[in-house]
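[1] I would like the atomic coordinates for the input below:
(one chain, ligands or ions: 1)
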Amino acid sequence: MSFELPELPYRSDALEPFLSQRTLETHHGKHHKGYVNKLNDLVDGTEYQDMSLQQVVMKAHGDGNLAVFNNAAQALNHGFLWESMSPDGGGSPAGPLSDAIDAAFGDLNGFQEAFKKAALSQFGSGWIWLVVDSGGLRIMQTGNADTPILRGEQPLLTLDVWEHAYYLDYKNDRGQYVDTFLSDCINWAFAAKNFDAIKVAA
Ligand code: FE2
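    A predicted model of the protein is given here:
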């Protein structure tokens, strides 16, 4: 069995004018695909090859197998990223997630400010996450391929702040990219679905 590149959940031009078709096709078809292909090369014939992607991430980290970990985690993180954006994105969260946002950040504006601050202060490549832990919602930064599931944190949504995610459209202006994500692309419905699933399981 080999790992497969998941389809984008929307057309590659569906996030225009906020993220261009060129960006989506490069990011998904080159970068994400590259991680999946490299992972398959690395795990072929090993005990990793019949595990789920999450299992590979956890085991490779425990084994100290950095090459497998980096490619598996990047494959996992990118699959989560595509779902974290939507052509119908932006707006406000609803229901229990809205209440949890208000409890953690004061209001939606407080969340947006905290998320942007985290994105701008993440030095170099990495990811910004909205996660759930025992204390409620919080924003988490991870560097390179690092992912919250390593620490038992449960992600609701993520944004890729590697330069390859935004450079074609925004050059080095990470702030404008983050603002656009928060105002027009963020998929609150996906975050709410993840939040509800965690509450049911708790
Ligand atoms: Fe990426």
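[2] quick check: the residue of the protein nearest the ion.
    Closest approach of the chain to the ion (CB to the ion) occurs at Asp160, with a separation of 4.1 Å. All C-beta atoms are positioned from the backbone trio N, CA, C, and that covers glycine.
[3] gap between that residue and Thr23?
    Distance, Asp160 to Thr23, using CB to CB, to the nearest Å: 11 Å.
[4] again with Ala192
    In terms of CB to CB, Ala192 sits 26 Å off from Thr23.
[5] cool, and Val36?
    19 Å.
[6] spit out the contact partners of the residue of the chain closest to the ion.
    By CB atoms under 8 Å, 6 or more residues apart in numbering, the residues touching Asp160 are 27, 77-78, 81, 127.
[7] show me which residues of the chain sit near the ion.
    160, 162, 165 (CB under 5 Å from the ion).
[8] so of those, which ones are in strands?
    Assigned to strands by DSSP state E, the following of the residues of the chain next to the ion qualify: Asp160.
[9] in the helix or strand where Pro155 lies, which residues are buried?
    Secondary structure assigned from DSSP states H and E places Pro155 in strand 154-160. Applying a neighbour-count criterion of 16 or more other CB atoms under 10 Å, one finds 154-160 buried in strand 154-160.
[10] stretch 114-121 now?
    Here stretch 114-121 shows 114-116, 118-119 as buried, counting by 16+ other CB under 10 Å.
[11] neighbours of Phe123, just the number please.
    8 (other CB atoms under 10 Å).
[12] of the contacts of Asp160, closest to Asp102?
    Trp127 (24.3 Å; CB to CB).
[13] need the nearest residue in space to the closest one, chain neighbours excluded.
    If the residues on either side of it in the chain are set aside, Trp127 comes closest to Thr142, at 4.8 Å by CB to CB, 6 or more residues apart in numbering.
[14] on the three-state scheme, the one you found is what?
    strand (DSSP: H, G, I helix; E, B strand; the rest coil).
[15] longest single helix anywhere in the chain?
    What stands out as the longest helix in the chain, according to DSSP state H, is helix 66-83.
[16] just checking, what packs against the helix or strand following that one?
    Per DSSP H and E, the first helix or strand lying C-terminal to helix 66-83 is helix 95-105. Applying 3 or more CB pairs under 8 Å, 6 or more residues apart in numbering; DSSP states H and E, we find helix 95-105 packed against helix 108-121, strand 136-143, helix 188-201.
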